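Asks: What follows is a protein structure lacking sequence information:
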């Protein structure tokens, strides 16, 4: 029977996606590596890549369909040597099991191929037929014989545990059956963003000329996650003024030295380094609240907010404390360019131990940021500007000063610890040689 192609989970938190476009139609022949569809997730447009040759037997979900649940059958493919028989409608519309079977398509970032499919729970072992034989497609049997693979040691990812070509391709000759992975944990409940009340919408319709556009998957996810953050995490805000003159002078000197290597440090690069060092020094703020547990991180991975068309993404500078300033400058330049092009891999923007959001370049003097769950810390960076400044000896002068506000999850971080992080961050910025010593 044809192999069911299911909507995959492109990230650990993905529950649904939009089937943006089909690149094939029913009856088309496909080969391994062919791109057959595009799927819009909350962060980017991803591509489906066929891993088996065969014929598209049916397309169950038309292009443009939104809110397609992970595990939903979106198409079927007839593999060489299998009868051309479409599955029943009931089979195509049944709900996905809790532990999802391996999809028959590999997923890659748009215009970036090939990559391995996302991590999923292992497929169930192949089921023997009534006469004791292992259920496998003819093509899989032929390939197994050519490679010397014992089908008894192969787990099938086809319907009802049927072994298909992809299972044999990934098997090692003579290996024993791998142990099944534990079932994937159920995703944590997330906040639901309420729709506009009908009476309010009617008032808007009557009085204000307007257009209506559907939210993208990214905007829906931003709304859901930030609502979740504000509802679940009690925010505490701590604000401090930081003098920038020494940091700006050091940046100028370093950029002259790095010019032959075509590396240019930004103020944000230096602030990422300062936050990374501060989090290592004040480890009480480099944590995640996890119900009855508190997760403490031994490394500072800093997520930086980057504005992209249609929303916001937070690529991660890993080990910001341990990287040199030139390394951070190179990494951030690459991450920002690929973020704006929609070419980041999920591991490059999911995770992080704390965040930094810099709106100073937009002229914003002061703002508060919403914590990026499951993190517990985010710094909101305002614009540097000339202000009156009283020096330590009491003399009045003019200095370049920026306002920084830290948002902390009060379930995990006490106000005193948050204050220590802010003053430590300030010390690194105002005495920047400490970051490179």
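Replies: Cool, got the structure. Not measured: the values here are computed from a predicted model. Residues are numbered from 1 along each chain as shown.

Asks: For the rest of this, base every contact and every neighbour count on C-alpha atoms.
Replies: Fine.

Asks: Mind listing residues that contact stretch 27-42?
Replies: 10, 14, 16-24, 45-58, 114, 216-221 (C-alpha atoms under 8 Å, 6 or more residues apart in numbering).

Asks: again with stretch 295-305
Replies: 272, 275-277, 279-280, 283-284, 286-289, 312-321, 349, 351-358.

Asks: looking at this, residue 242 is in a strand?
Replies: Yes. Counting by DSSP: H, G, I helix; E, B strand; the rest coil, one finds residue 242 located in a strand.

Asks: element containing residue 228, please.
Replies: helix 217-232 (DSSP states H and E).

Asks: tell me the mean pLDDT for that helix?
Replies: Averaging pLDDT along helix 217-232 gives 81.

Asks: Starting from the lengthiest strand in the chain, tell me the next helix or strand along the chain.
Replies: Using DSSP state E to define each element, the chain has its longest strand at strand 396-409. The first helix or strand that comes after strand 396-409 along the chain, using DSSP H and E, is helix 415-430.

Asks: where does the stretch 51-200 of the chain dip in pLDDT?
Replies: 51, 79-133, 135, 137-139, 158-160, 162, 172-200 (pLDDT under 70).

Asks: run the last query once more with 50
Replies: Flagging of the stretch 51-200 of the chain using pLDDT under 50 yields the residue ranges 85-131, 175-188, 190.

Asks: Enumerate every residue touching the closest residue to residue 15 other than its chain neighbours.
Replies: Ranked by C-alpha to C-alpha, 6 or more residues apart in numbering and with sequence neighbours excluded, the top spatial neighbour of residue 15 is residue 70, at 5.5 Å. Applying C-alpha under 8 Å, 6+ apart to residue 70 gives the contacts 6-9, 14-17, 96.

Asks: In helices, which of those residues fall?
Replies: Using DSSP state H, no member of these sits in helices.

Asks: got JSON lines for those residues, with neighbour count and distance to residue 404 too?
Replies: Converted to JSON lines, those look like this (neighbours: other C-alpha atoms under 10 Å; distance: C-alpha to C-alpha, whole Å):
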{"residue": "6", "neighbour count": "24", "distance to residue 404": "46"}
{"residue": "7", "neighbour count": "27", "distance to residue 404": "43"}
{"residue": "8", "neighbour count": "29", "distance to residue 404": "41"}
{"residue": "9", "neighbour count": "22", "distance to residue 404": "37"}
{"residue": "14", "neighbour count": "15", "distance to residue 404": "33"}
{"residue": "15", "neighbour count": "17", "distance to residue 404": "36"}
{"residue": "16", "neighbour count": "21", "distance to residue 404": "37"}
{"residue": "17", "neighbour count": "22", "distance to residue 404": "37"}
{"residue": "96", "neighbour count": "16", "distance to residue 404": "46"}
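
Asks: Return the member of the residues you listed nearest to residue 390.
Replies: residue 14 (51.5 Å; C-alpha to C-alpha).

Asks: relative to helix 415-430, how tilted is the strand or helix carrying residue 248?
Replies: Assigned by DSSP H and E, residue 248 belongs to helix 245-258. Counting by axes from the mean of the first three to the mean of the last three C-alpha atoms, to 10 degrees, helix 245-258 lies at 50 degrees to helix 415-430.

Asks: Tell me the helices and strands packed up against helix 245-258.
Replies: Contact partners of helix 245-258 among helices and strands, from 3 or more C-alpha pairs under 8 Å, 6 or more residues apart in numbering; DSSP states H and E: strand 396-409, helix 415-430.

Asks: Take the ones you listed and lay them out in TSV including mean neighbour count.
Replies: Formatted as TSV, these follow (neighbours: other C-alpha atoms under 10 Å):
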stretch	mean neighbour count
strand 396-409	20
helix 415-430	19
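
Asks: Next, format the ones you listed as CSV and append distance to residue 171 and mean pLDDT.
Replies: Converted to CSV, the helices and strands packed on helix 245-258 look like this (distance: least, C-alpha to C-alpha, whole Å; pLDDT from 0 to 100):
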stretch, distance to residue 171, mean pLDDT
strand 396-409, 46, 96
helix 415-430, 50, 97
